[in-house]
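Visitor: I'll drop the sequence and a predicted model, then ask my questions.
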Amino acid sequence: MISSFQSMFKIPDLRRRLGFTALMLIVYRLGGHVTLPGVNRLAILEFFQNQGGGVLQLYDLFAGGNLSKATIFALGIMPYISASIIMQLLQAVIPYFEKLAKEGDEGRKKITQITRYGTVLLAAMQGIGVSFFLESMGPQVVAHPGLPFKLLTILTLTTGTIFVMWLGEQITERGIGNGISLIITIGIIARYPTDLFNTIKALQTKQMSYMGGLVMLAMMVLVIAGIIFMTQGQRRIPVQYPKRVVGRKVYGGQNTHIPLKINTAGVIPIIFAQAFVMFPATISAFFQGNAFMDAITRLLSPGTTFYVAVYALIIIFFAYFYTAIVLNPVDMAENMKKFGGFIPGIRPGKNTANYIDKSLSRITLPGAIFLAFIAVLPDILIAKFRVPFYFGGTGLLIVVGVVLDTLQQIESHLFMRHYDGFMKKGKLRGRR
């Protein structure tokens, strides 16, 4: 491991990419300390510590804590993520976008451009909501409310989101790893020192026993190992392509496979489910004092048995729903048939599509159940075991997934130059 770490800095191109990535992430973190004009940072931070939760807590997670600090990056990269998800859904239901997705590089460029425009629109709309939200908190947060404050806040937040989106694209193009994912990850990791401090404080004040701390540490190791296993796990369906003779050349005749991941949907089901389950609580805020809405809010309060059960079931549903959108067995079977490929023992066409669909449905179930377990784990630990930090859930899935993806990209650079990698042992031999 130490030799692999040293090898990273022996390759000029990789060293330059790592340095550029680190510089861009530092710029992002520095912007997270610039407060919006006219906002009392301490007052808004106190509100999130005492009352913030639900949708706001999830949004603040993706924003790297910038929303709770009311910084210029308060919206973070979330508008871009929302626009990307909307575009993926549109590709599944609208023929025009489906056609664009199949046009190769030109189609992807158009989709990226539309996604950027959508990001600006969503950022402006969310900026309007944030400006009204800040003003509603009273003069202790916004000393001079009014139209000028609203316009300045909307412009600042929209510009901040565009800048963060640009940083992410620059990292992807000129750095190492996926820029958008790394920006989200660095914001989540920035919370860990505070969580560690709270844990030490809980041990010192006897709020948590030392035995409980050791059990929590062992659980953390097991959960992280489980996430790595489920993230990397896949079912490989063998595919064969027959040989074709064209003139004096022989084409095809290769054996390959279709990798079906256990967790195809990633963290998207958790994001959808969290927004869905918190929607009644958000609506009830406009009907304070209503007995019916108050009862629903109590039922769907984080930590309750009903909340955990409903939340888990919705995650399982969205895991299947999003997987069906991302992977189309009929298209996969048609593409295989077009190039003469087939699954051994399965007839091409409809039978192949049914086989892939059945295999996908089977492997999605354990992945969906595991996603649901990881998502409800923080609520169980906090409610039942009084854990002083938010462990598990969306943040941990993102961090582990992004770290693995980044390590794999670094690994490919090392292997291409005959260096030992992080995740495999031995040097490449016989390649020049």
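Guide: In hand now; what should we look at? Nothing here was measured: the structure is a model prediction, and the numbers come from that model.
Visitor: which stretches of the stretch 301-432 of the chain have low pLDDT?
Guide: Where the stretch 301-432 of the chain drops to pLDDT under 70, the residues are 302-303, 382-393, 417-432.
Visitor: the same query, at a cut-off of 90, please.
Guide: Residues of the stretch 301-432 of the chain that meet the criterion pLDDT under 90 lie in 301-312, 314-315, 318, 321-328, 330-332, 334-350, 367, 370-432.
Visitor: which stretches of it form strands?
Guide: Using DSSP state E, counting those that start in this stretch, the stretch 301-432 of the chain contains no strands.
Visitor: how many residues are close by Asn263?
Guide: Number of residues near Asn263 (other CB atoms under 10 Å) recorded here: 24. For glycine as for every other residue, the C-beta is placed from the backbone atoms N, C-alpha and C.
Visitor: residues touching it, list them.
Guide: Taking CB atoms under 8 Å, 6 or more residues apart in numbering as the contact definition, Asn263 lies against 230-231, 233, 319, 367, 370-371.
Visitor: do you know how far it is from Pro269?
Guide: Remark: distance between Asn263 and Pro269 (CB to CB, to the nearest Å) = 9 Å.
Visitor: same thing with Ile398?
Guide: Ile398 is 13 Å from Pro269, by CB to CB.
Visitor: neighbour count for these two, which is higher?
Guide: Pro269 (25 against 21).
Visitor: for that one, which non-adjacent residue is closest in space?
Guide: Distances taken as CB to CB, 6 or more residues apart in numbering put Phe318 closest to Pro269, at 3.8 Å, once the chain neighbours are dropped.
Visitor: shouldn't the one you found be in contact with Ala265?
Guide: Yes - using CB atoms under 8 Å, Phe318 makes contact with Ala265 at a distance of 7.3 Å.
Visitor: quick one: which of those two has more around it?
Guide: Applying other CB under 10 Å to Phe318 and Ala265 shows that Ala265 carries more neighbours, namely 25 against 20.
Visitor: so which of the contacts of Asn263 is the most crowded?
Guide: Highest neighbour count within the contacts of Asn263, by other CB under 10 Å: Leu371, with 29 neighbours.
Visitor: if I pick that residue, what's in contact with it?
Guide: Counting by CB under 8 Å, 6+ apart, Leu371 makes contact with 263, 265, 267, 269-270, 315-316, 319, 397.
Visitor: can I assume Glu135 is in contact with Ala143?
Guide: No - Glu135 is not in contact with Ala143 according to CB under 8 Å; the separation is 10.6 Å.
Visitor: who has more neighbours, these two?
Guide: Glu135 (19 against 11).
Visitor: give me every residue that touches that one.
Guide: Contacts for Glu135 (CB under 8 Å, 6+ apart) come out as 141-142, 145, 149-150.
Visitor: which of the helices or strands spans it?
Guide: helix 105-136 (DSSP states H and E).
Visitor: quick one: average pLDDT of that helix?
Guide: For helix 105-136, mean pLDDT is 89.
Visitor: now do stretch 259-271
Guide: The model assigns stretch 259-271 a mean pLDDT of 83.
Visitor: who touches both of Asn263 and Pro269?
Guide: Common contacts of Asn263 and Pro269, defined by CB under 8 Å, 6+ apart, comprise 319, 371.
Visitor: tell me which residues of the biggest helix by length in the chain come out buried.
Guide: When the chain is scanned for its longest helix (criterion: DSSP state H), the result is helix 350-385. For helix 350-385, the neighbour count (16 or more other CB atoms under 10 Å) marks 352-353, 355-357, 359-360, 363-364, 367-368, 370-372, 374-379, 381-383 as buried.
Visitor: gap between it and the chain center?
Guide: Centroid separation for helix 350-385 versus its chain: 16 Å, with CA atoms, centre = their mean, to the nearest Å.
Visitor: just stretch 157-171 next, same as before
Guide: Distance of stretch 157-171 from its chain centroid, counting by CA atoms, centre = their mean, is 17 Å.
Visitor: going forward can the numbers begin at 781, since that is how I track them
Guide: Got it, first residue is 781 now, which makes that one stretch 937-951.
Visitor: export that stretch as CSV, just CAs?
Guide: Presented in CSV, the C-alpha positions along stretch 937-951 are these (Å, rounded to 0.1, in the frame of the first residue of the first chain):
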residue,chain,number,x,y,z
LEU,A,937,-27.1,31.3,-4.9
THR,A,938,-27.7,30.7,-8.7
THR,A,939,-24.1,31.9,-9.5
GLY,A,940,-22.7,29.8,-6.7
THR,A,941,-24.4,26.7,-8.0
ILE,A,942,-23.1,27.4,-11.6
PHE,A,943,-19.6,27.8,-10.2
VAL,A,944,-19.8,24.5,-8.2
MET,A,945,-21.1,22.8,-11.3
TRP,A,946,-18.1,24.2,-13.3
LEU,A,947,-15.7,23.0,-10.6
GLY,A,948,-17.1,19.5,-10.8
GLU,A,949,-16.9,19.4,-14.6
GLN,A,950,-13.3,20.7,-14.5
ILE,A,951,-12.3,18.0,-12.0
